[in-house]
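S.K.: Pasting the sequence and the predicted coordinates here, then a few questions.
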Amino acid sequence: MNTIRRVICGLIVGVWVAMAVAVSAATNVVQVSGAGVDLRKQARAYEQSGQKLKAAEAYEQILKADPAARMVLAPRLVAIYTQAGETNKALEWAHVVMQTNPDSQAYLAGVNAMLGKYSEAQGILEAELTKAKEPRRKMLLNWQLADVHERAGKPKKAAKALAQALEVVQGTPDEAAAQQRLDKYNRQHKSPKNE
C-alpha cells in the first residue's frame with residue numbers, strides 16, 4: 001500500500017512539475033513575443049526619426065529572438081545599411097536575401113549599385129548576361145546595366161546597353177517596351193558626354 005501511495009504521489013508531483021514547466025515556458029514565449037512586438041515598434045520609431053543604425057540594431061535583436069522573421073527583415077536591413085553607408089553590413093544581409101531571391105545575382109548587382117560600387121555591379125550583370133539564354137532576361141539585365149552606367153555617369157554606355165536590350169528582343173512582344181525605353185532615354189540625354 002505504501003508503495004502504491006508513493007507511486008501515485010510521485011505521479012501527481014511529476015504531473016504538477018510538468019504543468020509548472022509548461023506554464024513557465026508558455027509565459028516565456030508570451031514575454032519573448034511581447035518583447036518582439038516592442039522591439040518592432042522601437043525599430044520603426046528609430047527608422048522614422050532617422051536613427052537608421054539604431055533601427056538596424058533593434059531589427060537584428062528581433063532576428064535573434066525570432067529567426068522566422070528573416071525573410072521580412074533581411075531586405076529591410078539591406079536597405080537600412082545601404083542608406084547608412086554601411087557597405088559590409090549591407091552586403092552581409094544581401095547575401096542572406098540572395099538565398100531566397102529568385103534572381104540573386106541581379107539583386108546583388110542592385111545592392112552594389114545602391115552602395116556606389118558600380119564596377120562590381122557592372123561585372124555581376126555582364127557575367128549574368130553571358131549566361132542568359134532567354135531574350136526577356138537579357139533585356140532586363142541590359143536595362144539594369146543601363147541604370148548602373150547612368151548612375152556611374154556613363155551615358156554612352158547606358159545608351160549602348162539599352163540598344164542591346166532592344167536588339168535581343170527584336171520580333172518579340174517585348175520589342176515595343178524596349179524601343180520606348182531607349183527612345184525615352186535618348187530624348188532625356190540628347191548629347192551624351194564622351195567617355
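M.R.: Sure, I can see it. Residues are numbered from 1 along each chain as shown.

S.K.: And this protein, what are its domain boundaries?
M.R.: The chain breaks down by automatic domain parsing into domains covering 1-100, 118-195.

S.K.: tell me the centre residue of this protein?
M.R.: residue 75 (2.8 Å; Cα atoms, centre = their mean).

S.K.: Report the contact partners of that residue.
M.R.: By Cβ atoms under 8 Å, 6 or more residues apart in numbering, the residues touching residue 75 are 93, 97. All C-beta spots, glycine's among them, are computed from the backbone N, C-alpha and C.

S.K.: now, of the domains of the chain, which is deepest in the fold?
M.R.: domain 118-195 (a mean of 17; mean count of other Cβ atoms under 10 Å).

S.K.: Quick one: distance of that one to the chain centre.
M.R.: Distance of domain 118-195 from its chain centroid, counting by Cα atoms, centre = their mean, to the nearest Å, is 23 Å.

S.K.: Quick one, which of the domains of the chain gets closest to residue 106.
M.R.: Nearest to residue 106 among the domains of the chain is domain 118-195; the distance by Cβ to Cβ comes to 6.1 Å.

S.K.: So the closest residue to residue 107 other than its chain neighbours, which state does it fall into?
M.R.: Counting by Cβ to Cβ, 6 or more residues apart in numbering, the nearest residue to residue 107 once its immediate chain neighbours are dropped is residue 101, at 4.7 Å. Classification of residue 101 using DSSP: H, G, I helix; E, B strand; the rest coil returns coil.

S.K.: How much space separates residue 101 from residue 110?
M.R.: 10 Å (Cβ to Cβ, to the nearest Å).
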